[in-house]
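Peer 1: Can you look at this prediction? I've put the sequence above it.
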Amino acid sequence: MRQHKGFTMLELIMVIVVIGILAASIIPRMDRDLRQELGDNILSAIRYTQHLALTDNRHKFDDPNWLKTLWHIRFSRYGGNIAFYTISSDRDQNTNVDKNEAAIDPANGKYFYHLAGNSSLDEADESPAIFIRKHYGISTVTITGGCANAQHVAFDHLGRPHTGIYGASNDYHTYMKTECRITFSFQDSSISNLTISIQPETGYAQIVGQEHS
């Protein structure tokens, strides 16, 4: 009769060691995936905002306040920290984003909209993509450079970036003259910050350190 030998203690220890090494290598990869997922989300949102501006011309020569209606992405606060973003065009020029002024997420048909201060997140008709603090563990969002004095970036009919459009007039002072940088910090300190840059003139957006992102 054929006899089957079991694993020796040494072999079992070696298997456990190998599993431990594999687990240790997978954990950093999971962190990088979370960071990359956020980067892909934000880049997609910025580029979609610019796309809307290019295809929905808001330029009106006879309206001195037309710049206020530009399509823009806005980072908003909830519970003291920036927690979500919206994509909208303030068509009625009242400086408030209403749901009927928000863009529709092409991935799910829901609004890029949430009412700041509303404690019920992920409402049925709101895109889950916008809740960056909840889904990615974002602690702070720091906006510097050409968009430092605003929580939003807008685009005109030529795709050029603007900032400060809520106080705009027909003098193009909102035109972004230097590179804008939006930096996201994570609650998990083991995940390095993610910075998105938006170039003046072209509005080209990319992840800093990833030239072809």
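Peer 2: Done, it's in.
Peer 1: Where do the helices of the chain begin and end?
Peer 2: 9-55, 132-136 (DSSP state H).
Peer 1: Pull the residues that contact the shortest one.
Peer 2: Contact partners of helix 132-136, identified using CB atoms under 8 Å, 6 or more residues apart in numbering, comprise 34, 37-38, 41-42, 78, 81-85, 121-122, 128-129, 138-139, 141, 184, 186. Any C-beta I mention is one placed from the backbone N, CA and C, and that applies to glycine too.
Peer 1: what's the least confident stretch among the helices of the chain?
Peer 2: Mean pLDDT is lowest for helix 9-55 among those, at a mean of 75.
Peer 1: so residue 127 sits right up against residue 108, yeah?
Peer 2: Yes: Residue 127 lies in contact with residue 108 (CB atoms under 8 Å); the separation is 6.1 Å.
Peer 1: The two: which has the busier surroundings?
Peer 2: residue 127 (25 against 12; other CB atoms under 10 Å).
Peer 1: who's residue 104 bridged to?
Peer 2: residue 111 (DSSP bridges).
Peer 1: and the gap between it and residue 126?
Peer 2: 11 Å (CB to CB, to the nearest Å).
Peer 1: what does stretch 193-213 rub up against?
Peer 2: 35, 38-39, 42-43, 46-47, 50, 145-147, 153, 155, 159-161, 175-186.
Peer 1: Please check those and keep the buried ones.
Peer 2: With burial judged by 16 or more other CB atoms under 10 Å, the buried subset of the contacts of stretch 193-213 is 35, 38-39, 42-43, 46, 50, 145-147, 153, 155, 160-161, 175-176, 179-182, 184-186.
Peer 1: got the buried residues for stretch 184-197?
Peer 2: 184-186, 191, 194-197.
Peer 1: Tell me which helix or strand in this protein has the weakest average pLDDT.
Peer 2: helix 9-55 (a mean of 75; mean pLDDT, DSSP states H and E).
Peer 1: for the residue sitting nearest the centre point of the chain, what are its contacts?
Peer 2: The centroid of the chain falls nearest to residue 42 when counting by CA atoms, centre = their mean (2.6 Å). By CB under 8 Å, 6+ apart, the residues touching residue 42 are 85, 132, 182, 184, 194, 196.
Peer 1: ok, now residue 139?
Peer 2: 81, 133, 185-187.
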